[in-house]
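Colleague: Turn this into a structure:
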Amino acid sequence: MERTMDALRTQPSLLDGRVGHINLRPAPGLTFDDVLLVPRYSEIQSRGDTRTDTWFSRRIRLNIPIVSSNMDTVTESGMAVALARAGGIGVIHRFLTIQQQADEVRHVKRTEAYVILDPLTLSRDATVGEARATMARAGVGGVIVVDPDRVVLGIVTRRDILFFDDDGAAVTDVMTPRERLITAPEGTAFGEARAILDRARVEKLPLIDARGRLAGLITAKDIEHGMDYPLATKDRKGHLVVAAAVGIRPGYIERAEALLAAGADALVVDIAHGDSANAVDAARKLRAQLGDDWDLVVGNVATAEGTARLIDAGADAIKVGVGPGSICITRLVTGFGVPQLTAIADCAAAAATARVPIIADGGIRNSGDVVKALAAGAQTVMIGSLLAGTKESPGLVVVRKGRRFKVTRGMASL
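Modeller: Prediction:
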């Protein structure tokens, strides 16, 4: 055995067409099942006294350290909304057209806001059918009717057309006209708006500028969401925070531009082997061409050296994990990987000086694994299979022997 290991350390190998040497770790690595945390004295009297807030990336702070995986059976807008409301963040997968992925991001950003700065509108010439379709498509309960100068003419709500059968009728026939509409001046504070909605017993409060033009919208639903989800991860305008994945194939710059235009707070460069020239070049190009008012997450890596390279390329967070996922076959197919707990510890040590957060991606089978990943140095954990069976995931539902299941699969390649 000793002679065999010596031979492996020195035997040249053809890797990607170039002669190299196999790099064997000098010490064994550890994964989650290899470790238990030692109980220590604690002065915490209640679980309610604990804090789980952390950093997803340099500028995005979460209230819980949970990130949903950018898999097509795990995260689209439904999962991203649910997780952001809980205090985490979702990463919309990239196996959609650019328009479809941007629409998923847009849906998350439109779900909540302190003030909706660009409410949906219709012209006075629109029909009831158009109003019905617009509300259904956007998942909203009302649309403002405006003239060509965006002067408010009225509002039509789902209640106005619920039992109205003539879809060809003009929307002006069913809307609440401007003279009966409850409005507030542009710049009205959120608390004051809440009081107006309460007094008037209405659900939507259009904000009007000095010339009568639509300047925004505050809804009772957004106020309710703020009360129901006090830990929600939101941006400065009260929108839920969301990330979106891009690859490195031609067209990824255009995809990234569309996602940022739709409101994505972070982009995640999604590549199985992040310690590569392709990943480094993509990170540098995205940062150089699209500015720096958003956060860039890159991965996956499993070594300190790979972490340092991606930080140097402009990453605001690093995804760690090569092959630890429950349905990932990278290690079986290629023979490459580092046991996940060791990978997290090595990468976290390399990222500490630069204060770049580590996202532990893969291998989480229970809540104890989350704790171990955080103890090893990760700021957050990315979860796939544990979330794939929830109602918020987009996976296909199948029924086997009377039980309902959702289909999930790995995502690196066909």
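Colleague: Tyr287 belongs to a helix, doesn't it?
Modeller: I think there's a mix-up here, since residue 287 is Arg and not Tyr. Yes: assignment of Arg287 by DSSP: H, G, I helix; E, B strand; the rest coil places it within a helix.
Colleague: Show the model's pLDDT score for the nearest residue to it once chain neighbours are set aside.
Modeller: Spatial nearest neighbour of Arg287, excluding adjacent residues (Cβ to Cβ, 6 or more residues apart in numbering): Gly314 at 3.9 Å. Backbone N, C-alpha and C define where each C-beta goes, glycine included. For Gly314, the pLDDT comes out at 96.
Colleague: For the most centrally placed residue in the chain, list the residues it contacts.
Modeller: Against the mean C-alpha coordinate of the chain, by Cα atoms, centre = their mean, the closest residue is Gly90 at 2.7 Å. Listed by Cβ atoms under 8 Å, 6 or more residues apart in numbering, the contact partners of Gly90 are Val67, Ser68, Thr75, Met79, Ala80, Val81, Ala82, Leu83, Ala84, Val108, Val242, Ala243.
Colleague: Keep only those of the residues you listed that are in helices.
Modeller: Using DSSP state H, the members of those that fall in helices are Met79, Ala80, Val81, Ala82, Leu83, Ala84, Val108.
Colleague: that older thread, which one (most neighbours) among the contacts of Gly90?
Modeller: Greatest neighbour count in the contacts of Gly90, by other Cβ atoms under 10 Å, goes to Thr75: 32 neighbours.
Colleague: List phi and psi for that residue.
Modeller: The phi/psi pair for Thr75 (degrees, to the nearest 10) reads phi -130, psi 110.
Colleague: show me where the stretch 151-300 of the chain has strands.
Modeller: With strands called from DSSP state E, counting those that start in this stretch, the stretch 151-300 of the chain shows them at 152-157, 176-177, 184-185, 204-208, 214-219, 243-246, 266-270, 295-301.
Colleague: Out of the ones you listed, flag the one nearest Pro28.
Modeller: For the strands of the stretch 151-300 of the chain, the distance to Pro28 is smallest for strand 295-301, at 19.9 Å, taking Cβ to Cβ.
Colleague: Next, the angle from that closest one to strand 266-270.
Modeller: 20 degrees (axes from the mean of the first three to the mean of the last three Cα atoms, to 10 degrees).
Colleague: Now do the helix or strand following strand 295-301: which elements does it pack against?
Modeller: Toward the C-terminus, strand 295-301 is succeeded by helix 304-312 as the next helix or strand (DSSP states H and E). Counting contacts by 3 or more Cβ pairs under 8 Å, 6 or more residues apart in numbering; DSSP states H and E, helix 304-312 is packed against helix 277-290, strand 295-301, strand 317-320, helix 340-352.
Colleague: For the shortest one, which strands pair with it and how are they oriented?
Modeller: I take that to be strand 317-320. Strand 317-320 has its sheet partners listed here by DSSP bridges as strand 295-301 (parallel), strand 358-361 (parallel).
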